[in-house]
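[1] take this sequence and fold it.
(chains A, B, C and D)
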2 protein chains.
Amino acid sequence: MTQDTARTSPRRDSSSITLQDIAAHSGVSRSTVSLVLRESPLVAERTRLKVQRAIKELGYVYNRGAAALRGSRTSTLGVVVYDIANPFFGAMVAGIDAALNKEGYVSFLANSEDSPERQQRFLERMREHSVDGILLCPAEGTPPSLIDTLAEWQLPCVQVLRHIGAPPFDYASSDFVLGVHQAVDHLVALGHRRIAFLGGNAEHSATQERWQGYTEALAHHGLDYQRLVRGNVTRSAGLELIETLMRETPRPTAVICHNDLVAFGAMLGLKRLGLTPGQDCAVIGTDDVEEATLGDPALTSVATHPYAIGEEAARLALRRIADPDGAREQVVLAPRLQVRESCGSSSTEIPATSPATAGPSLSSA
Amino acid sequence: MTQDTARTSPRRDSSSITLQDIAAHSGVSRSTVSLVLRESPLVAERTRLKVQRAIKELGYVYNRGAAALRGSRTSTLGVVVYDIANPFFGAMVAGIDAALNKEGYVSFLANSEDSPERQQRFLERMREHSVDGILLCPAEGTPPSLIDTLAEWQLPCVQVLRHIGAPPFDYASSDFVLGVHQAVDHLVALGHRRIAFLGGNAEHSATQERWQGYTEALAHHGLDYQRLVRGNVTRSAGLELIETLMRETPRPTAVICHNDLVAFGAMLGLKRLGLTPGQDCAVIGTDDVEEATLGDPALTSVATHPYAIGEEAARLALRRIADPDGAREQVVLAPRLQVRESCGSSSTEIPATSPATAGPSLSSA
DNA sequence: TTCTAGATTTAGACCCATCCAAAAAGATGC
DNA sequence: GCATCTTTTTGGATGGGTCTAAATCTAGAA
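    Residues are numbered from 1 along each chain as shown, chains lettered A, B, ... in the order given. Predicted coordinates:
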């Protein structure tokens, strides 16, 4: 059974078995073999089995490159993030990978390092590789026209976390406005009146949304004190910013941070100032990364579900690839405040209307 | 200049301009255009300029799929990691991306979640996509024969962090044995005599190497106390394991942890037991992830340079692709002990013989 | 038995670049 | 001006699938 290959596929090494070889070996045409490979219902059961046996026996390997050349799809997707070293993106990429894997897709990953130039280069490369679509977390300073360019290229693009250009576009993210609202509500309920916001710099939609949520929520509760401290979104930025902030008069009694990294930095900064996070100043982060649970004190954080965002983004892309002219969709997941020790209350979870895993809140534009 | 396309490339949309169109527009043959694209020195300067102008004018997009079908390389690489959500891998992937990007390569990324089945599926898919090579961090329980299978497939494979099968193979990693030696040396110098090792479970080479380093170093210093606590390599595992450990008599005065996550968990566990990390028990981690710097106390850690490992692995893969039959190489980077507060000494850096960025220590097999 | 709708199968063009051998053009020497 | 080298350019085959339209086969109807 393994020795008869000498006659049917003479002197070819295993990696160059083609449809033609399978066809010859099983006594049908190349076209039929192709249909079998693509699981076409047209093929008669007997033929199918016969061909499948030949495929096994000869150790045939499907050549997706060749298929893509004539067909229209490559089953590949380009994914661009701006900081893969950030654990948030690690989780998100895991979600993307899981969703794509189910559909037989694979993804090219690139790290733009928030450089529009690197991002541009990668996108061009993706175009040359004929990816079926793009998942884009736009780098800081990406020109809004990029979206139009991609449209001209006929390359479906789902924006993730940040968005540029004008709607309608496909977009998957977390509801950052709502997240900050939840944080403010919680702090107000605990009696805080002077709540600051820490971190965020540029003109990302994701930053703007947080700031918008902050301003809105303060207004909603009729609070006068408003202090928005711009800055980077890293640990060390959090450390520096909190020091500046705590020297002011009056001091805030609580800070909400752009992300968990800033929050960790802020907590460390408080300790260095001889203050106790959660007691002298409440701290709330955003993202709910894994280390939030086991911090000291454990960090209260607005969970933004990166894995789920990744899954949704991938699903959205697959949907758009299947129907390029369908209505653009926005999947904005509801975040969820995860209460722990860093804001002084006991470690419980705020009862939420949404189920344990935040369900997607859909809206199409 | 943009309107004359009507004659030279009638009613084609921009994305289907081919070599033929360029050839027609610039009055040369398809072959010549192809040579220009590949920057062949054969082409006369005048011709080259003429063709390049046509390429620009028509908005030609190189079709790598078609090129790969006839040519031999796809300029793609498959990358398999087992936990992309772990910040260590995020940094490593960033390093891979940077090194590949320079050479015009792009990478398919997959997350095996330490499942050999998922890993297998992905590798088969990569084969179908005709990647030029594979970077593999083998999933736990990967059969050693996998390496032979890849060899049969003629798919160059560089193992990363863990290795399976018998040498010689291409491999990029950190010298885990040496890392534990450094940690033990440091603790012994500080006067510790009872040093435990925390975490690690399965039969990975990476775990074995740590354990080997631990045993060797104890023997070298003539220490009797030896306590190797197996367990997962997560924060919560660290938390649990340290609690067990500190209930024993005699207690260790220092623990070295499989990675930083375990170390963070261990420090938290110590605090919960009312003990002070760095005072009642020294803690040393492995990896030196970003949050080590800003922990409380800051964590002493064996820096394993994930970004550099990623770069080296990618370079190794490119080298193997260029010369498939060349001698296999191992790039094992020297780690470096980053001393901070968690082991009681002041926050300084151990003078090392290696330069600031650990240089690769090369050896070929 | 002949005819026809439906089920299967197939030939051959096609996707778009690369490769190779051979032709064409240019340069040089006598 | 002619033969000989170089330097450039090129036609046509090739890689391995998919697509379309047409050919073939089947079973039930007439």
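
[2] next one: phi and psi at the residue of the stretch 201-350 of chain A found nearest DNA strand C?
    Of all residues in the stretch 201-350 of chain A, residue A:324 sits closest to DNA strand C, at 17.3 Å by Cβ to the nearest atom of the strand. (C-beta placed from N, C-alpha, C; glycine too.) Backbone torsions for residue A:324, taken as degrees, to the nearest 10, come to phi -60, psi -30.

[3] can you give me the distance of it to residue A:173?
    Going from residue A:324 to residue A:173 by Cβ to Cβ, to the nearest Å gives 22 Å.

[4] which one's more surrounded, these two?
    Per other Cβ atoms under 10 Å in any protein chain shown, whichever of residue A:324 and residue A:173 has more neighbours is residue A:173, with 22 against 11.

[5] that one: what's it in contact with?
    Residue A:173 makes contacts with A:160, A:161, A:162, A:163, A:206, A:309, A:331, A:332, A:333, as judged by Cβ atoms under 8 Å, 6 or more residues apart in numbering or on different chains.

[6] can you give the domain ranges for chain A?
    Domain ranges of chain A: A:5-62, A:76-174+A:308-333, A:176-304+A:335-358, per automatic domain parsing.

[7] avg pLDDT for the second one?
    When the per-residue pLDDT values of domain A:76-174+A:308-333 are averaged, the result is 95.

[8] could you do the first one as well?
    Regarding domain A:5-62, the rounded mean pLDDT is 84.

[9] now check that domain, is it near DNA strand C?
    Yes: remark: domain A:5-62 sits within contact range of DNA strand C at A:28, A:29, A:30, A:31, A:32, A:35, A:42, A:43, A:44, A:46, A:47, by Cβ under 7 Å from any atom of the strand.

[10] weed out the non-buried ones from these.
    Burial by neighbour count, 16 or more other Cβ atoms under 10 Å in any protein chain shown: within those this picks out A:28, A:32, A:35, A:43, A:47.

[11] closest to residue A:212 among these?
    For these, the closest approach to residue A:212 (Cβ to Cβ) belongs to residue A:35, at 54.4 Å.

[12] for residue A:142, which non-adjacent residue is closest in space?
    Nearest non-adjacent residue to residue A:142, counting by Cβ to Cβ, 6 or more residues apart in numbering or on different chains: residue A:116, 5.0 Å away.

[13] in terms of contact, does that neighbour touch residue A:144 like I think?
    No: here residue A:116 lies out of contact with residue A:144, judged by Cβ atoms under 8 Å, at a distance of 11.4 Å.

[14] nearest to residue B:153, out of the domains of chain A?
    Comparison of the domains of chain A against residue B:153 by Cβ to Cβ identifies domain A:5-62 as nearest, at 6.9 Å.

[15] chain center to that closest one: distance?
    Its chain's average C-alpha position is 40 Å from that of domain A:5-62, according to Cα atoms, centre = their mean, to the nearest Å.

[16] what helix or strand does the closest residue in space to residue A:145 that isn't next to it in sequence sit in?
    Once flanking residues are discounted, residue A:145 sits nearest to residue A:165: 7.5 Å by Cβ to Cβ, 6+ apart. Using DSSP states H and E, residue A:165 maps to neither a helix nor a strand.

[17] what of residue A:62?
    Assigned by DSSP H and E, residue A:62 belongs to no helix or strand.

[18] measure how buried it is and give me the count.
    16.

[19] what sits against it?
    A:37, B:128.

[20] all helices for the stretch 151-300 of chain A, in order.
    With DSSP state H, counting those that start in this stretch as the criterion, the stretch 151-300 of chain A has helices at A:176-189, A:205-220, A:235-246, A:260-272.

[21] please identify the most buried of those helices.
    Looking across the helices of the stretch 151-300 of chain A with neighbours counted as mean count of other Cβ atoms under 10 Å in any protein chain shown, the highest average goes to helix A:260-272: a mean of 26.

[22] hmm, who's touching that helix?
    Residues contacting helix A:260-272 (Cβ under 8 Å, 6+ apart): A:86, A:198-199, A:231, A:233-243, A:246, A:255, A:257, A:276-277, A:280-281, A:283-289, A:291-292, A:295, A:297, A:299, A:301, A:342, B:291, B:294, B:296.

[23] which members of these are positioned in strands?
    Among those, the ones falling in strands (DSSP state E) are A:198, A:255, A:257, A:283, A:284, A:285, A:286, A:287, A:301.

[24] what is the last one paired to in the beta sheet?
    Translated: residue A:301. According to DSSP bridges, the residues that bridge with residue A:301 are residue A:285, residue A:338.

[25] the residue nearest to residue A:145 and DNA strand C, how far apart?
    As judged by Cβ to the nearest atom of the strand, to the nearest Å, residue A:165 and DNA strand C stand 28 Å apart.

[26] tell me where the stretch 1-150 of chain A has strands.
    In the stretch 1-150 of chain A, the strands defined using DSSP state E, counting those that start in this stretch lie at A:76-81, A:106-111, A:133-136.

[27] quick one: closest of those to residue A:54.
    Once the strands of the stretch 1-150 of chain A are compared by Cβ to Cβ, strand A:106-111 is nearest, at 26.6 Å.

[28] what angle separates the closest one from strand B:106-111?
    If you take axes from the mean of the first three to the mean of the last three Cα atoms, to 10 degrees, strand A:106-111 sits at 110 degrees to strand B:106-111.
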